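Q: what follows is a predicted structure for the sequence shown.
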Amino acid sequence: MQGPVCMILNGQRVDVADVPPTTTLLAWLRERRGLTGTKEGCSEGDCGACTVGLRELGPDGKLVTMPACACILPLPMLHGREIVTVERLAAPDGRLHPVQQAMAEGHGSQCGFCTPGFVMSMWCAYRSEPRPSPERADALLAGNLCRCTGYGPIVAAASAAHDLPRPEWDDDDAAAAPTRLATLPTTALDYEADGRRFIAPVTLDELADAAARNPDATILSGATDVGLWITKRHFAPATIIWTGRVAGLRELKEDDGTLTIGAAVTYREAAARLAAHWPDFGKLVARIAGAQIRALGTVGGNIANGSPIGDMPPALIALGARLQLRHGDKRREITLDDFFLDYGRQDRAPGEIVTAVTAPLPGKGLHLGCHKVSKRFDQDITSVLGCFALTLEDGHVRQARLAYGGMAGVPKRARAAEQALIGQPYTREQVDAAAAALSDDFAPLTDMRASARYRMQVAQNLLLRDYLERTTPGVETRLAPATEGV
Amino acid sequence: MALDKQTTAKREFKVVGTRPLRPDGVDKVTGKALYGADLTAPGMLVGKILRSPHPHARIRSIDTSAAEAAPGVKAVITHADFTLPDDEDMRDILVNCMAFNKALYDGHAVAAVAAISEAAAKAALKLIKVDYEVLPHVTDVDEAMKPDAPVIERGRQAETVGEGFSENVTSYCEFGHGDIEAGFTRADHVIERSFKTEATHQGYIEPHACLATFTTDGKADLWCCTQGQYMVRRVCSAIMDMEASQLRVTPSEIGGGFGGKTTVFIEPVALMLAKKSGRPVKIVMSRSDVLRASGPTCSSSMDVRIGMTKDGRITAGHAKLRYQGGAFPCGTVEMGAMAAFAAYDLEAVRTQGWNAMTNRPKQAAYRAPGAPMAIYAVESVVDELCQHLGLDPLDVRLKNAAKAGTKASYGVTFTDIGLSACLAAAKAHPHYAAPLGPGQGRGVSCGFWFNFGGDTCVTLNVNMDGTVSVTEGNPDIGGSRASIGMMAAEELGVPFDKVRTQVVDTASLGYNEVTDGSRVTFAVGLATIKAAQAAKAEMCRRAAMIWGIDAEAVTWEDGCAKPSGPNAGDFPPMTLAEIAAVSSQTGGPIAGHHEVNADGAGVSFGVHLVDVEVDPETGATKVLRYTVFQDAGKAVHPDYVEGQMQGGAVQGIGWALNEEYIYGEDGRLQNAGFLDYRVPVASDLPMIDTVILEIPNPGHPYGVRGVGETSIVPPLAAIANAVSRAAGVRLTELPMSPPRILAALDAARPKAAAE
């Protein structure tokens, strides 16, 4: 359908037809709508000052409210969705929303520039889950930077909001949201402005067709990376094809011992299922960026993007995941390992799309350990990620798949180290031998995040840590407990 | 002027010391507060700045013709549009805002465009052709000081700089007293260590932004986020060669500054674009521009030598500090040299400081500028001596603590100070006795800041409806509208909610120094109290007039004018509101003013306790528990005092563990974004506990001391000392990032095995 971008903004239907498709939601809110409560602090999804509430109807028809960074969100991605900004939260008569009141009364602002972003992160959580523990509040707010307070009063306010009376106007508004959203178009979008196109198909066939017809198009998924190309590199492609509205790509299903994750399933959507089968995988996902990015970023995008430091591929490779691709009517399936050819190069033809990744559900004796190392615990780029899927039987290693990120130009298995373990007794000596073999597997690079020497040393130490965790019940090997859930 | 200390201590406050809601709180949680980028003007253009990709390059020529001809472009400017001011400081500020003959660092502005849209402005920047002759560059302080280093600018070296340095070394300073060599001889143990710290950034979340308008008859208006509208007026009027009265600067709500907004980076550029185009021009810096081309801290290289007796008495201290402050002369090392040993009462102490220019952006103030790194080095060596001699680190600090009467290494003699009280409080706190787990360690450090007062001007208007308007000239960066209003309410005896405090533009009030040096609650508070006293005196005079008695026979008590005693007459008290309501009949509006160059700010000390755990496999450090002890003199709004203590501690934690400027071999900044310039997030931190000590400052009517800066000073050493005790390795380079700690652990391992 050729036509405008149709969304709900603060309760009102808005159709937009006059802005280039790479216009960010933030620029549009501030410059076109005069809604300057949403702030720009970094334009790369790191600081959270631009956090808005994003609403849509989930696969089950229920209302989902999640935080999103407006600074890297191309406006057409709001098609069929609802946006809530800080200006909307207080009651029409001026009464503050509990999250606002708790922040004001708890002295959660100093300079106040980050405050609207924190308020929106808290509001999304307030609408979606019960009172957060301090640890949960830390995780909910790790995508928002504050430089004045040291976070204490803000974390306290996230909890204190639940002591205040319910905001009946906000509850009423949430109750009415599904009806509002139902008025928005559900068909494919073909938006054109400023000589550039933004196509948002709704079926897999439409998507495959659009991609095949426009092999030079940029395939957009969660925009958590492409959004940065737009804001940092002034990227303005002639055609963008967005996968986020394709129902078939947002499925998460299990059958015949296989978990299938549609390419447009977000981290937020995948987290609970991954955690249920592989607890460490769940903890890893909880450490990807902040809540705003996890709400938008997708499993498929993290793979198809081809970054050597994406956090999903090593875990999935360790699990023996396979990738499903489609080019027009042609479908194929490859192992995930084989998808990554070289730095910046993947086994994907122009016009071909990633449709899903599948992973065998854990068999008996299989355990996945995921170890992410970064300078900061949360919301940080990985220096080294080690993901180890071991199947132990009678004290011996029956199967071993060891995959690393940050150790080569692609996410990669450590085959020499695997061979040092397979069939051997699972002992400290064998683990040391596997660690030594890593130098046959990798020759890591030095960059500003870590030196080659540090990467190799940590990669080796992670094998040892993983061994200690598997063999010593109750051993404390990690500094901070990762917060469960996303 | 100053009240007696005893009086201050005994005084019972009604408003001061309570925790009312901040007056700007609701605007901030609803998104209504207006920051630098939030204002627009009719016909406004978007200003964009072209920046040098080279760390050091001669600018042979700049061709702007294609950009000028591009659609939507209304003005293009380069250095050719400006005239260099005579004043050297102003000249440096201008050249930092717009490169003249050379680009001096990666990100240095070389040209700017004003166009009808962001897209048009960005497109025009690409059409500007700059012909660069790339020159050798230097970004490291030690390298920059070597005689054969590439020289940033000739002719800037002070005569006091000795032989053997490159011309990049611009200044030398020296402080101290006593015979240090004799002192070292008396010591049972002497430790000398060398340290390096990388530059960090204030990391305010709001990027610099401004909106400039020029009228055709040469008047200008500027809206900007700044720590000092009068500073902006002074600098910009000098650069634009206009009279100060013709430039009105209005400060927006400020989204953090921490010292980084005490100078200008884009304001002269916006003014010149507005002048040339005849239209309002807005410039907003990107985060990458902020990191590349605003004012980070100095980086440093330091040698510290301290001698101690077996029973923990420091016999001598010597610090040699080398700071680089970017591509211009910089005096920050002097503050470091003055602060380094401030916490100690020493017979023999010497500090020396050298500043070097490098191909980096011109440094700006950052919370206690110059002190954190110097004190990190000193407090690390003190701690190592304690470890070596088996002494308790708090006992040793108590034994040597500066106190009233101590002659500081920088020359002054301290009056009442709170260091010993902070140390004693730390010693008695449950945190200090709490057990530690394996791999964990506890660190201690003292911190210090001078605090400033300075030029201050306040007007207090008593409105006819009985409310009070306080007009002040210092942007509210940490809750000062609340604390100023509280002091006005206290002095007048009216409820806090009857007072509204406004920060106004440069045309509305006399000169005020920038919001810096932790000066506002002290100096503006002092001026506010004095202005309130003037208003009270006037209200007493009005009441006396109404009652027909002598003004001297009227006193002010609990918000009312009262006859001072039975002899004065029998009149019911008149409230402020009653007097104000009839002011028109008694001589006109009632106001109080006070103008002062405030001294007596009172130095500030603090002590931090921290527990950390170090992960031996990855080198990562987790802060487990943190307690800040600080002397506030008198905490006007304790929540905001705690907020300053917590916020500064967390910035210091970031400096200690994660934050750093990373320059590549090519002289370019590699981590110009929050993605790779890592500031702490909520989950990196425990709740920062605070203990406020109140040792009244004799220089303030209520005993107030500035509290904003000291808190960033101790974390660097406190964490280094904790890491040393947790992991057995002493880090002498900041930040203590996981790779550095793992490398140190690695270096220590074979040695430990051999022992």
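A: Looks like it came in fine.
Q: so which strand or helix has residue A:281?
A: helix A:279-286 (DSSP states H and E).
Q: ok, the following helix or strand past that helix near chain B or not?
A: The helix or strand immediately downstream of helix A:279-286 is helix A:291-296, counting by DSSP H and E. No. Helix A:291-296 lies apart from chain B when judged by C-beta under 8 Å from any C-beta of the partner chain; the minimum separation is 11.0 Å. (C-beta placed from N, C-alpha, C; glycine too.)
Q: which helices and strands sit right next to helix A:291-296?
A: The elements that helix A:291-296 packs onto, with contact taken as 3 or more C-beta pairs under 8 Å, 6 or more residues apart in numbering or on different chains; DSSP states H and E, are strand A:51-57, strand A:63-69, helix A:115-128, helix A:134-141, helix A:267-277.
Q: name the residues that touch that helix?
A: Helix A:291-296 is contacted from outside by A:45, A:48, A:51, A:54, A:66-69, A:73, A:121, A:124-125, A:139-143, A:222-224, A:266-268, A:271, A:285, A:288, A:486, using C-beta atoms under 8 Å, 6 or more residues apart in numbering or on different chains.
Q: list the buried ones in the helix holding residue A:281?
A: By 16 or more other C-beta atoms under 10 Å in any protein chain shown, the buried positions in helix A:279-286 come out as A:279-286.
Q: relative to chain B, which of the residues you listed is nearest.
A: Of all the buried residues of helix A:279-286, chain B sits closest to residue A:286, with 10.1 Å by C-beta to the nearest C-beta.
Q: correct me, but the closest one touches residue A:271?
A: Yes. If you go by C-beta atoms under 8 Å, residue A:286 and residue A:271 touch, sitting 6.6 Å apart.
Q: the closest residue to chain B within the stretch 251-400 of chain A - how many residues pack around it?
A: Here the stretch 251-400 of chain A gets closest to chain B at one residue, residue A:378, 4.5 Å apart by C-beta to the nearest C-beta. Residue A:378 has 23 neighbouring residues, counting by other C-beta atoms under 10 Å in any protein chain shown.
Q: residues contacting residue A:43?
A: Residue A:43 sits next to A:24, A:26, A:71-72, A:231-232, B:286-287 when contact means C-beta under 8 Å, 6+ apart.
Q: filter those down to the buried ones, ChimeraX style.
A: Listed next is the ChimeraX selection for buried residues among these, using 16+ other C-beta under 10 Å:
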select /A:24,26,71,72,231,232 /B:286,287
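Q: number of residues surrounding the residue nearest to the residue of the stretch 251-400 of chain A closest to chain B when sequence neighbours are not counted?
A: The shortest distance from residue A:378 to any residue other than its chain neighbours is 4.0 Å, reached at residue A:142 (C-beta to C-beta, 6 or more residues apart in numbering or on different chains). Residues contacting residue A:142 under the criterion other C-beta under 10 Å number 27.
Q: likewise residue B:397?
A: 27.
Q: next one: the one 3 residues further on
A: Residue crowding around residue B:400 was assessed by other C-beta under 10 Å; the count is 21.
Q: what distance do you get for it to residue B:342?
A: From residue B:400 over to residue B:342 the distance is 12 Å, taken as C-beta to C-beta, to the nearest Å.
Q: who touches both of these two?
A: Common neighbours of residue B:400 and residue B:342 (C-beta under 8 Å, 6+ apart) do not exist.
Q: and the pLDDT at residue B:3?
A: Here, the pLDDT recorded for residue B:3 equals 36.
Q: on contacts alone, who are the packing partners of whichever strand or helix holds residue B:238?
A: For residue B:238, the enclosing helix or strand under DSSP H and E is helix B:229-239. Here helix B:229-239 touches helix B:88-97, strand B:220-224, strand B:247-251, helix B:267-277, going by 3+ C-beta pairs under 8 Å, 6+ apart.
Q: next one: the last one to chain centre, how far?
A: When C-alpha coordinates are averaged (C-alpha atoms, centre = their mean, to the nearest Å), helix B:267-277 and its chain have centres 28 Å apart.
Q: can you give the contact residues for that helix?
A: B:45, B:47, B:49, B:74-75, B:77, B:81-82, B:93-94, B:97-98, B:109, B:112-114, B:210-214, B:220, B:222, B:224, B:226, B:232, B:235-236, B:239-240, B:280-283.
Q: again, only using 7 Å
A: Under the contact criterion C-beta atoms under 7 Å, 6 or more residues apart in numbering or on different chains, helix B:267-277 has outside partners B:45, B:47, B:49, B:74-75, B:77, B:81-82, B:94, B:97-98, B:109, B:112, B:114, B:210, B:212-214, B:220, B:222, B:224, B:232, B:236, B:239-240, B:280-281, B:283.
Q: tell me which helix or strand comes right after it.
A: The element immediately downstream of helix B:267-277 (helix or strand, assigned by DSSP H and E) is strand B:281-284.
Q: partner strands of that following strand, with direction?
A: Note on strand B:281-284: by DSSP bridges, its sheet partners are strand B:45-51 (parallel), strand B:209-214 (antiparallel).
Q: I'd like these as CSV, with mean neighbour count and mean pLDDT appended.
A: Below are those laid out as CSV (neighbours: other C-beta atoms under 10 Å in any protein chain shown; pLDDT from 0 to 100):
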stretch, mean neighbour count, mean pLDDT
strand B:45-51, 24, 98
strand B:209-214, 27, 97
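Q: what are the ranges of the helices in the stretch 51-200 of chain A?
A: Using DSSP state H, counting those that start in this stretch, the helices assigned to the stretch 51-200 of chain A run over residues A:98-105, A:115-128, A:134-141, A:152-160, A:168-182.
Q: look up phi and psi at the closest residue to chain A within chain B.
A: Using C-beta to the nearest C-beta, the single residue of chain B nearest to chain A is residue B:31, 2.0 Å away. Per-residue torsions, residue B:31: phi 80, psi 10 (degrees, to the nearest 10).
Q: now do it, the pLDDT please.
A: If you check residue B:31, the pLDDT there is 98.
Q: looking at it, residue B:524 is touching residue B:474, isn't it?
A: Yes. Between residue B:524 and residue B:474 there is a contact under C-beta atoms under 7 Å: 5.5 Å.
Q: need the per-residue pLDDT for the closest residue to residue B:70 other than its chain neighbours.
A: Leaving aside its sequence neighbours, residue B:70 sits nearest to residue B:124 (C-beta to C-beta, 6+ apart; 4.6 Å). Note for residue B:124: predicted pLDDT of 98.
Q: before we move on, which element is residue B:124 in?
A: Secondary structure assigned from DSSP H and E places residue B:124 in helix B:118-125.
Q: C-alpha coordinates for that helix, PDB please?
A: Extracted in PDB, the C-alpha atoms of helix B:118-125 (Å, rounded to 0.1, in the frame of the first residue of the first chain):
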ATOM      1  CA  GLU B 118      20.200  20.300   9.000                       C
ATOM      2  CA  ALA B 119      20.600  18.400   5.700                       C
ATOM      3  CA  ALA B 120      21.500  21.500   3.700                       C
ATOM      4  CA  ALA B 121      24.100  22.500   6.300                       C
ATOM      5  CA  LYS B 122      25.600  19.000   6.400                       C
ATOM      6  CA  ALA B 123      25.700  18.900   2.600                       C
ATOM      7  CA  ALA B 124      27.400  22.400   2.500                       C
ATOM      8  CA  LEU B 125      30.100  21.300   4.900                       C
END
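Q: helices or strands up against that helix?
A: Contacts defined by 3 or more C-beta pairs under 7 Å, 6 or more residues apart in numbering or on different chains; DSSP states H and E place helix B:118-125 against strand B:45-51, strand B:109-115.
Q: now tabulate those in JSON lines and tack on distance to residue B:585.
A: Output for these, formatted as JSON lines (distance: least, C-beta to C-beta, whole Å):
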{"stretch": "strand B:45-51", "distance to residue B:585": "52"}
{"stretch": "strand B:109-115", "distance to residue B:585": "54"}
